[in-house]
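[1] sequence unknown, structure follows:
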């Protein structure tokens, strides 16, 4: 690291120490509540999709879900000449809980890269934003693909971070399997298309039919006709004609970033369609997305658990940043969520399912 770069890096470390109220960032420390809140806000704002997911800070590592979704009907009548009126909890009644697991976001920057960046006046912001943006992308990847929270993760075996934490798709399959469709008439497959006598006929004529049936049969009755829901689809299931925004704005960097969650201007099965990063191919999830407090998908982070340690490691010619936080991926109302996986499409040209 050059001497002028060292001066800027030392100022960066001093700034991090000051805002967190610690003497030295080379000793493991806990982020201050204000810094923790700002970091979570920056992570959420780094992705269009994450702005459609609730971000909640919780004090306990495990406990009852905190979302305000409506999990049952509340209207009724009581003959008060014979009995008292009974109140109902309007929240989700599935009694499932959350458990925050420690996630490590450990990174390093080699001296050569820091030297190259040090000439920019926004050096500190560049460093911070690069790390926070990747944390946001990793959260999305875990949310869709996470299956277990392994004691020791293996990035080579699980390139989609399947072993870092339990994501939304796995939560739905585990906690509400009746709302998680894995097959139709053919074992392990849901066939969408016409088919033929030789290769077998489809379970559904098209994606509209599949999504309509999911709404009717897998969501709770009081949600089945709610047109505010979104059908989140894998990229292979979405025809380009549903996303003209890609052609119009996709080549513009600022617009492309905003469109990391592509919202269709047309519908499938009566619902708007969204294509989001890292969503499993051949899959559909129907649920509510929206601004904080309105979405059915949440990421909880445990307050006071964002810990950090910045280490200058001359033996490896790099600066290492060790960072961790306890977090959990939560579906607030299981009655307002359903999914279908293992979807096969009919290729009329080749006459086969793919």
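    Good, I have the coordinates. Only a predicted model underlies this, so the values are computations on that prediction, with no experimental measurement involved.
[2] residue boundaries of the strands in the stretch 201-350 of the chain?
    Ranges of strands in the stretch 201-350 of the chain, per DSSP state E, counting those that start in this stretch, are 230-233, 262-268, 271-275, 284-287, 297-302, 307-313, 318-331, 338-340, 343-347.
[3] Looking at those, which is nearest to residue 50?
    With CB to CB, the closest approach to residue 50 among the strands of the stretch 201-350 of the chain belongs to strand 297-302: 8.0 Å. All C-beta atoms are positioned from the backbone trio N, CA, C, and that covers glycine.
[4] Tell me which of the strands of the stretch 201-350 of the chain approaches residue 115 most closely.
    Closest approach to residue 115 among these (CB to CB): strand 318-331, 11.3 Å.
[5] Report the contact partners of the nearest residue to residue 198 once chain neighbours are set aside.
    Spatial nearest neighbour of residue 198, chain neighbours left out: residue 351 (7.6 Å); criterion: CB to CB, 6 or more residues apart in numbering. By CB atoms under 8 Å, 6 or more residues apart in numbering, residue 351 lies in contact with 196, 198, 199.
[6] between the helix ranked longest in the chain and strand 318-331, how many degrees?
    Of all segments of type helix in the chain, defined using DSSP state H, the longest is helix 123-145. Relative orientation of helix 123-145 versus strand 318-331 (axes from the mean of the first three to the mean of the last three CA atoms, to 10 degrees): 40 degrees.
[7] Just want the angle from the next helix or strand after helix 123-145 to helix 123-145.
    For helix 123-145, the following helix or strand on the C-terminal side (DSSP states H and E) is helix 168-175. In terms of direction (the same axes, to 10 degrees), helix 168-175 departs from helix 123-145 by 30 degrees.
[8] Show me what helix 168-175 is packed against.
    helix 123-145, strand 284-287, strand 318-331, strand 338-340 (3 or more CB pairs under 8 Å, 6 or more residues apart in numbering; DSSP states H and E).
[9] what about 6 Å?
    In terms of contacts (3 or more CB pairs under 6 Å, 6 or more residues apart in numbering; DSSP states H and E), helix 168-175 is packed against strand 318-331.
[10] which residues of this protein score low on pLDDT?
    When residues are selected by pLDDT under 70, those of the chain lie in 67-73, 88-95, 239-265.
[11] Looks like residue 275 contacts residue 238 (just checking).
    Yes: contact between residue 275 and residue 238 holds when scored by CB atoms under 6 Å: they sit 5.3 Å apart.
[12] If you count surrounding residues, which of the two has more?
    residue 275 (21 against 18; other CB atoms under 10 Å).
[13] What separation do you get for that one and residue 315?
    44 Å (CB to CB, to the nearest Å).
[14] Tell me which of the strands of the stretch 201-350 of the chain approaches residue 104 most closely.
    Per CB to CB, nearest to residue 104 of the strands of the stretch 201-350 of the chain: strand 318-331, 4.7 Å.
[15] Going by neighbour count, list what's buried in the closest one.
    318, 319, 321, 323, 324, 325, 326, 327, 328, 329, 330, 331 (16 or more other CB atoms under 10 Å).
[16] so what's residue 181 bridging to?
    Counting by DSSP bridges, residue 181 forms beta bridges with residue 340.
[17] That one and residue 228, how far apart?
    Taking CB to CB, one finds residue 181 at 22 Å from residue 228.
[18] Between the two, which has more neighbouring residues?
    More crowded of residue 181 and residue 228, by other CB under 10 Å: residue 181, with 22 against 11.
[19] pretty sure that one contacts residue 341?
    No: Residue 181 is beyond contact range of residue 341, at 7.2 Å (criterion: CB under 6 Å).
[20] Among the contacts of residue 351, name the ones in strands.
    residue 196 (DSSP state E).
[21] so which of the contacts of residue 351 comes closest to residue 12?
    Nearest to residue 12 among the contacts of residue 351, counting by CB to CB, is residue 199 at 61.3 Å.
[22] Grab the nearest non-local neighbour of that closest one.
    Going by CB to CB, 6+ apart, residue 199 has residue 352 as its nearest residue, at 5.6 Å.
[23] and what of residue 207?
    Leaving aside its chain neighbours, residue 207 sits nearest to residue 268 (5.2 Å; criterion: CB to CB, 6+ apart).
[24] wait, isn't that neighbour in contact with residue 211?
    Yes: contact criterion CB under 6 Å: residue 268 and residue 211 qualify, at 5.0 Å.
[25] any common contacting residues for those two?
    Counting by CB atoms under 6 Å, 6 or more residues apart in numbering, the residues touching both residue 268 and residue 211 are residue 231.
[26] sorry, back to before: dump the buried residues of strand 318-331 into JSON lines; add distance to residue 18 as well.
    Formatted as JSON lines, those follow (distance: CB to CB, whole Å):
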{"residue": "318", "distance to residue 18": "24"}
{"residue": "319", "distance to residue 18": "18"}
{"residue": "321", "distance to residue 18": "17"}
{"residue": "323", "distance to residue 18": "18"}
{"residue": "324", "distance to residue 18": "21"}
{"residue": "325", "distance to residue 18": "21"}
{"residue": "326", "distance to residue 18": "25"}
{"residue": "327", "distance to residue 18": "26"}
{"residue": "328", "distance to residue 18": "31"}
{"residue": "329", "distance to residue 18": "33"}
{"residue": "330", "distance to residue 18": "34"}
{"residue": "331", "distance to residue 18": "39"}
